[in-house]
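Engineer: The following block contains a protein sequence and its predicted model.
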Amino acid sequence: ELLMVSRKGQSVRFRADDQYITAANPADSGSVKYGETTPVLAVMWRALPTLNLYATWGEGFETPTFAELAYRPGGAGLNFDLGAATSRAFEVGAKVIVQDRHRVNLAAFRIDTDDEIAVNASTGGRTTYKNAGATRRRGVEFAHDRAGQPDHQFVPVQAALDVALLVVVVDDQVLRSGEA
């Protein structure tokens, strides 16, 4: 049996110092800082010499990229109103070795995300982003590879994924919510 508990602290800061300021182009300087500490818990049990069972739970934190911050909806300057997405993920699975040559992995997962970062609009070569609400992803994955062939590693993977938009937010108003 193996138990792992950890936490990760992250801090990201974006800053813009606008050097091109005119009457027609006002200052677009500013900054935003994102920070979060996220926990992870994992447990693995060796049920048989060739079979491991595991479960993991964790929280995630995804900051916008600089490209997502590049344009403010409806105006000039960076999109400093864009928030970070947070998530909670759970996965259970099994890893088995068959006849000392085949590795088979099977996993089921669920990921719930708040403040998902999504495209707001894309016009004239500029794409703006917004925090769109909550999403849920559920799925299963199956993978198989044959051990002992380092030059020919072929890993067929099958996955089924169900994605649901739980809450839609437009102009700070909830338009639709549901439970998947």
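Structural biologist: Thanks, I have it. Numbers count the residues shown, from 1 in each chain.

Engineer: okay, CA-based contacts and neighbour counts for the rest of this
Structural biologist: OK.

Engineer: which residues sit against the strand of greatest length in the chain?
Structural biologist: Criterion DSSP state E: the longest strand present in the chain is strand 30-48. Contacts with strand 30-48, where a contact means CA atoms under 8 Å, 6 or more residues apart in numbering, come from 1-17, 52-61, 63, 78, 80, 84.

Engineer: Tell me the helix or strand right after it.
Structural biologist: Per DSSP states H and E, the first helix or strand lying C-terminal to strand 30-48 is strand 51-62.

Engineer: that older thread, any buried residues in the longest strand of the chain, and which?
Structural biologist: For strand 30-48, a neighbour-count test (16 or more other CA atoms under 10 Å) marks Glu36, Thr38, Val40, Ala42, Met44 as buried.

Engineer: Among the residues you listed, which pair sits farthest apart?
Structural biologist: Farthest pair in the buried residues of strand 30-48 (CA to CA) is Glu36 and Met44. Separation: 26.6 Å.

Engineer: As TSV, the buried residues of strand 30-48 with distance to Thr123 would be great.
Structural biologist: Output for the buried residues of strand 30-48, formatted as TSV (distance: CA to CA, whole Å):
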residue	distance to Thr123
Glu36	33
Thr38	36
Val40	40
Ala42	44
Met44	49
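
Engineer: Would you format the residues you listed as JSON lines with distance to Thr113 and pLDDT included?
Structural biologist: Formatted as JSON lines, the buried residues of strand 30-48 follow (distance: CA to CA, whole Å; pLDDT from 0 to 100):
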{"residue": "Glu36", "distance to Thr113": "15", "pLDDT": "92"}
{"residue": "Thr38", "distance to Thr113": "14", "pLDDT": "93"}
{"residue": "Val40", "distance to Thr113": "16", "pLDDT": "94"}
{"residue": "Ala42", "distance to Thr113": "20", "pLDDT": "95"}
{"residue": "Met44", "distance to Thr113": "25", "pLDDT": "95"}
